[in-house]
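A.B. asks: have a look; sequence and predicted model below, questions after that.
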Amino acid sequence: MATYNITLDEEKARELFLSSYTDGAMKDLLTQVLNQILDARATELCGAELYEHSDERRDYRNGYRDRSLVTRFGKIELAVPRLRGQSVLGEGLIESYSRSEQALMAGIAEMVINGVSTRKIDTVSQVLFGTTISKSQVSRVCKMLDPVVEEFRQRALCEWYPFLVVDAMYLKVREDGKVIPKALYLAIAINKNGRREIIGIALNNRESKESYREFFKNLKARGLKRVDLVVSDSHEGLVEALKEEFTGTPWQRCQTHFSRNMLDKCPKKIWGEVKELLTSIYTARNITEARRQRDEALTLLEKEAPKAAELLDNAFDDITAVFTLPLKYRKQLRTSNIIERFNEEIRRRERPIRIFPNDDSVIRILGTVAMEIHERWALQRTHFNMDEYLEQCLTILQGVSKAEGDERRAA
């Protein structure tokens, strides 16, 4: 079999790399060409050919080292000459090819964020680049997201957000050889311009008053000082932490969660009636009408489901806190649906992973998802027109100022 020495200049090698062919012969040809270029560079830097005695020699060869390079023709193996005093890989050809490898790594990270399993990533990589990607390689690639996610999580916040929605969801995380459920804390705020912002994402071992307080303290440390209404479910630790960290802030108990709690305490034969009664309370035009609807519901429930009646009576003020707002804002703030839709997106990305290898991977991947959704919201139309609400705030402020003035004059 005949052997040919192929000699091409560096510009030709670039053109070859940028061609559209994916033939295996092209991969072999590219390997030969790049190895020839590396040897030529080594000769130039040394000032002498291999084993040549020359008074103009500037350096000495010291064998070869293998280097893998991912190209559009697949993964190729290069024999890189080693020199005693300098590197053959300076600015130029190899570095430009390395940028292609970086693009591949960025693509892998994007696939992970979008919920593509490691097995599928490996298949895609094999088809497109002729090389496989291991789980450890995927993990190393994704670590480049860490500083970006941390900057997003610790960014400065506005001093005032009119509305805040808080929730937690459980994920499976591997720790010390065991798989344990951990709580991912999430906070979405509506700013004064009516846009949604993801202002908090954190991981903790469980939901508790102490962990929620830590979560809220982080929000305050980043600049948050005032919230006008907080919406959440009725987790005891969350509610207690809110009372301590946002003293005096009204709390709206999610009406969807409350309806489920009510039905759990009622016999199935009256579920239809209970749902209608609760809906009449939720959609009342004002708080006076809501109280009247509550009284009608209590009349039925005291006979059929006394525990449900007690729950409704005790929780009425919490499920109707939203009635302090203008009518147009109540429907979207009477439940935690804003954050539930975000949770669904998190679940969609989390489902292919199933079990996260550690805490850092949770924040890395789901933090990036949160960051992408946050940026998407910033480009969309406003979630609320806040004009009516801001006008109400101004009216209340003017009323308070007038009342304080009257008190001082009376004194």
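C.D. replies: Yep, that arrived. All figures in this text were calculated on a predicted structure; none of them were measured in a lab.
A.B. asks: go ahead and confirm Gln392 touches Thr324.
C.D. replies: No. Taking contacts as Cβ atoms under 8 Å, Gln392 lies outside contact range of Thr324: 9.1 Å. C-beta: built from backbone N, CA, C; applies to glycine.
A.B. asks: how far does stretch 381-392 stretch from start to finish?
C.D. replies: Using Cα to Cα, to the nearest Å, the end-to-end distance of stretch 381-392 comes to 22 Å.
A.B. asks: mind listing what's buried in that stretch?
C.D. replies: Of the residues in stretch 381-392, 383-384, 386, 389 count as buried by neighbour count, 16 or more other Cβ atoms under 10 Å.
A.B. asks: tell me the spacing between Phe356 and Gly47.
C.D. replies: The gap separating Phe356 from Gly47 is 55 Å, by Cβ to Cβ, to the nearest Å.
A.B. asks: settle it for me: which of the two has more neighbours?
C.D. replies: More crowded of Phe356 and Gly47, by other Cβ atoms under 10 Å: Phe356, with 22 against 13.
A.B. asks: what bridges to that one?
C.D. replies: Val173 (DSSP bridges).
A.B. asks: ok, Phe163 next?
C.D. replies: Assigned bridge partners for Phe163, using DSSP bridges, are Ile190, Leu229.
A.B. asks: wait, what's in contact with it?
C.D. replies: 189-190, 227-231, 333 (Cβ atoms under 8 Å, 6 or more residues apart in numbering).
A.B. asks: just put those in JSON lines and tack on pLDDT and neighbour count.
C.D. replies: Shown next, in JSON lines, are those (pLDDT from 0 to 100; neighbours: other Cβ atoms under 10 Å):
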{"residue": "Ala189", "pLDDT": "96", "neighbour count": "24"}
{"residue": "Ile190", "pLDDT": "95", "neighbour count": "26"}
{"residue": "Val227", "pLDDT": "96", "neighbour count": "19"}
{"residue": "Asp228", "pLDDT": "95", "neighbour count": "17"}
{"residue": "Leu229", "pLDDT": "96", "neighbour count": "20"}
{"residue": "Val230", "pLDDT": "97", "neighbour count": "22"}
{"residue": "Val231", "pLDDT": "97", "neighbour count": "27"}
{"residue": "Leu333", "pLDDT": "94", "neighbour count": "21"}
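A.B. asks: which one of those is nearest Ile365?
C.D. replies: Closest approach to Ile365 among the contacts of Phe163 (Cβ to Cβ): Ala189, at 22.6 Å.
A.B. asks: how about the contacts made by the closest one?
C.D. replies: Per Cβ under 8 Å, 6+ apart, neighbours of Ala189: 161, 163-165, 196-197, 199, 227.
A.B. asks: may I ask which two of the residues you listed are separated the most?
C.D. replies: Arg196 and Val227, at 14.5 Å, using Cβ to Cβ across those.
A.B. asks: how does the chain divide up, domain by domain?
C.D. replies: 10-133, 255-335 (automatic domain parsing).
A.B. asks: and which of the buried residues of stretch 381-392 is nearest Asn286?
C.D. replies: Once Cβ to Cβ is applied, the member of the buried residues of stretch 381-392 that ends up nearest Asn286 is Tyr389, at 16.9 Å.
A.B. asks: hang on, the closest one is in a strand, isn't it?
C.D. replies: No. According to DSSP: H, G, I helix; E, B strand; the rest coil, Tyr389 belongs to no strand; its state is helix.
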